[in-house]
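> need coordinates for the below:
(chains A and B)
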Protein chains: 2
Amino acid sequence: MFEDELKDLHVRFSEMGMMVNEAVYKSVKSFINHDKDLARQVIKDDHKINEREMDLENRSFEMVALQQPVTTDLRLIVTVMKASSDLERMGDHAVSIAKSTIRVKGNTRVPAIEKDLGEMAGVVKKMVEESLDAYVKEQADRAVKIADEDHHVNHYSRKIYEQCIKNMQDDPDTVVGSMDYMLVASYLERIGDYVTNICEWVVYLKKGKLVELNSNAKEDNF
Amino acid sequence: MFEDELKDLHVRFSEMGMMVNEAVYKSVKSFINHDKDLARQVIKDDHKINEREMDLENRSFEMVALQQPVTTDLRLIVTVMKASSDLERMGDHAVSIAKSTIRVKGNTRVPAIEKDLGEMAGVVKKMVEESLDAYVKEQADRAVKIADEDHHVNHYSRKIYEQCIKNMQDDPDTVVGSMDYMLVASYLERIGDYVTNICEWVVYLKKGKLVELNSNAKEDNF
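Alright, predicted model coming up:
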């Protein structure tokens, strides 16, 4: 039954979202706690996310080809095709954070920045979860609000950037470590951008129209 | 005629690719030459890229809904749907580079790094052009080779990173400027990642199979 296949596609997409959310969460936790084992686990599990993307891709393609859905159903399938690519790339950035964790050796640590990174990760995690929930519930207005939360992510970026600049200017020993902080912040920011994309797909799903949500936020930071 | 519509879609996609390529080229040129007017032009023209994405999106959706293509034709349309999102985001990164250009004021300049950035941009530009050409000609093997060029981009990233670290450690006055260099390098690297995505779509178009091209390259840098 087409309806069942569609429901199944929905469920599999949500599962993929949860896998990605877990990867993001674990990668930041591993970075902040210097937990290389946890970082390795994120890297090791990434193939599951990639496989799920391919699975969704194949299923949606076949559904369109064999069942020739129109209007709402077609839009739902197209959205899964597009949004699953975004989820997969969020997973790639979690892997990047995990790889940074493994690379770090004996940098001078700055607790204040690590605290901000942790908070920034918390905001991103919440955005990931909420956007997936809005997706499942097809709540376009809520998606617009969630995308707007990206301003908080950018606020943390800016704050971390300024702290890093100050540290690096005051103490050359913090240069390498600060660059790592900047790196992780930039990955989190990119993940936030992908959440915005997911929110755009929710609006598209509901209204059939492509919108660009908070494009300024996307462009103003690193 | 469906065949004509399909050809038209192809042409419009290629045109979008050329618009993006021009935006990337101009944005880097503006950064290196401190040409704020050129940077403003990139920002001003970005809406044309966004509009073209929406146009492609609407056309492909309608073609699928009304003509119900299967196999090769469907794959071609799905690829345009996906790859046009990637192109649009490459345009966003060009805008980010242009915005960095406008923000920069009186930083201490490092000619050696600016030279590397220029070369890095050259490699990225060539990759953008070649991937679009491989797309139009549906050359999957060539697409794999082009994605492999991303290693050169990463080589420049690494080199610029090391130079920046050294500068910042030796001279606190270079901290702010070096961060700008890093920023622009990271945008170029992201654009390179999107070229890799385009190459993946070329393979998908030709072989009907999702592949992940040089995922290591994607993950190993900032």
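
> please count neighbours and contacts with C-alpha atoms only from this point.
Will do.

> so A:Ile160 touches A:Asp116, yeah?
Yes - judged on Cα atoms under 8 Å, A:Ile160 makes contact with A:Asp116 at a distance of 7.0 Å.

> so, low pLDDT: which residues of chain A?
Chain A contains residues with pLDDT under 70 at A:215-222.

> what does it put close to chain B?
Within chain A, the positions near chain B by Cα under 8 Å from any Cα of the partner chain are A:54, A:65-66, A:68-71, A:74, A:82, A:92-93, A:95-96, A:99, A:165, A:168-170, A:172-173, A:175-176, A:183, A:210, A:219-222.

> which one's more surrounded, A:Ile160 and A:Asp116?
A:Ile160 (23 against 16; other Cα atoms under 10 Å in any protein chain shown).

> one step back: hmm, which of the residues of chain A next to chain B are the buried ones?
When the residues of chain A next to chain B are checked for burial by 16 or more other Cα atoms under 10 Å in any protein chain shown, the buried set is A:54, A:65, A:68-70, A:74, A:82, A:92-93, A:95-96, A:99, A:165, A:168-169, A:172, A:175-176, A:183, A:210, A:219, A:221-222.

> excluding chain neighbours, what is closest to the most centrally placed residue in chain A?
Nearest to the geometric centre of chain A sits A:Ile191, at 3.4 Å (Cα atoms, centre = their mean). In space, and not counting its chain neighbours, A:Ile191 is closest to A:Met90: 5.4 Å by Cα to Cα, 6 or more residues apart in numbering or on different chains.

> tilt between the helix or strand hosting the one you found and helix B:71-103?
If you go by DSSP states H and E, A:Met90 is part of helix A:71-103. Counting by axes from the mean of the first three to the mean of the last three Cα atoms, to 10 degrees, helix A:71-103 points 50 degrees away from the direction of helix B:71-103.

> and the angle for the helix or strand just after helix A:71-103 with helix A:71-103?
Counting by DSSP H and E, the next helix or strand C-terminal to helix A:71-103 is helix A:111-137. Here the directions of helix A:111-137 and helix A:71-103 differ by 160 degrees (the same axes, to 10 degrees).

> quick check: the gap between A:Val203 and A:Glu138.
Distance, A:Val203 to A:Glu138, by Cα to Cα, to the nearest Å: 8 Å.

> look at those two and report which has more neighbours.
Ranked by neighbour count (other Cα under 10 Å), A:Val203 and A:Glu138 place A:Val203 first, with 25 against 19.

> the more buried one against A:Lys209, yeah?
Yes - under the criterion of Cα under 8 Å, A:Val203 makes contact with A:Lys209 at 7.1 Å.

> now do the contacts for A:Ser100.
By Cα atoms under 8 Å, 6 or more residues apart in numbering or on different chains, the residues touching A:Ser100 are A:31, A:180, A:184.

> now intersect the residues you listed with the strands, please.
Residues of the contacts of A:Ser100 located in strands (DSSP state E): none.

> let me have those in JSON lines, extended by neighbour count and distance to A:Gly17.
As requested, the contacts of A:Ser100 are exported to JSON lines (neighbours: other Cα atoms under 10 Å in any protein chain shown; distance: Cα to Cα, whole Å):
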{"residue": "A:Phe31", "neighbour count": "25", "distance to A:Gly17": "21"}
{"residue": "A:Asp180", "neighbour count": "21", "distance to A:Gly17": "27"}
{"residue": "A:Val184", "neighbour count": "26", "distance to A:Gly17": "21"}
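
> now, which of these lie within helices?
A:31, A:180, A:184 (DSSP state H).

> make TSV from those residues and add distance to B:Tyr25 to it.
Converted to TSV, the ones in helices among the contacts of A:Ser100 look like this (distance: Cα to Cα, whole Å):
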residue	distance to B:Tyr25
A:Phe31	35
A:Asp180	29
A:Val184	27
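
> nearest to A:Ala143 among the residues you listed?
A:Val184 (25.3 Å; Cα to Cα).

> so the closest one sits right up against A:Ala98, yeah?
No - between A:Val184 and A:Ala98 there is no contact under Cα under 8 Å: 9.3 Å.

> pull up the gap between the spatially closest residue to A:Val80 that is not a sequence neighbour and chain B, please.
Excluding its sequence neighbours, the residue lying closest to A:Val80 (Cα to Cα, 6+ apart) is A:Phe13, at 7.0 Å. Note on A:Phe13: its distance to chain B, by Cα to the nearest Cα, to the nearest Å, is 17 Å.

> could you give the number of residues near A:Phe13?
Other residues near A:Phe13 come to 24 when the count uses other Cα under 10 Å.

> by contact count, what packs against the strand or helix carrying it?
Following DSSP H and E, one finds A:Phe13 within helix A:2-32. Helix A:2-32 sits against helix A:36-67, helix A:71-103, helix A:111-137, with contacts defined as 3 or more Cα pairs under 8 Å, 6 or more residues apart in numbering or on different chains; DSSP states H and E.

> pick the most buried one from those.
Burial of these is given as mean neighbour count (mean count of other Cα atoms under 10 Å in any protein chain shown); helix A:71-103 ranks first at a mean of 23.

> name the SS class of A:Trp212, please.
Heads up, residue A:212 is Glu, not Trp. Under DSSP: H, G, I helix; E, B strand; the rest coil, A:Glu212 falls in the coil class.

> next up, the contacts around it.
A:Glu200 are the contacts of A:Glu212 under Cα under 8 Å, 6+ apart.

> same question, A:Asp35
A:29, A:101.

> swap in the one 4 residues further on?
A:Ala39 makes contacts with A:26-27, A:30-31, A:95, A:98-99, A:101-102, as judged by Cα under 8 Å, 6+ apart.

> measure the closest residue to it other than its chain neighbours to A:Met120 for me?
Nearest non-adjacent residue to A:Ala39, counting by Cα to Cα, 6+ apart: A:Ala98, 4.5 Å away. Distance from A:Ala98 to A:Met120, counting by Cα to Cα: 16 Å.
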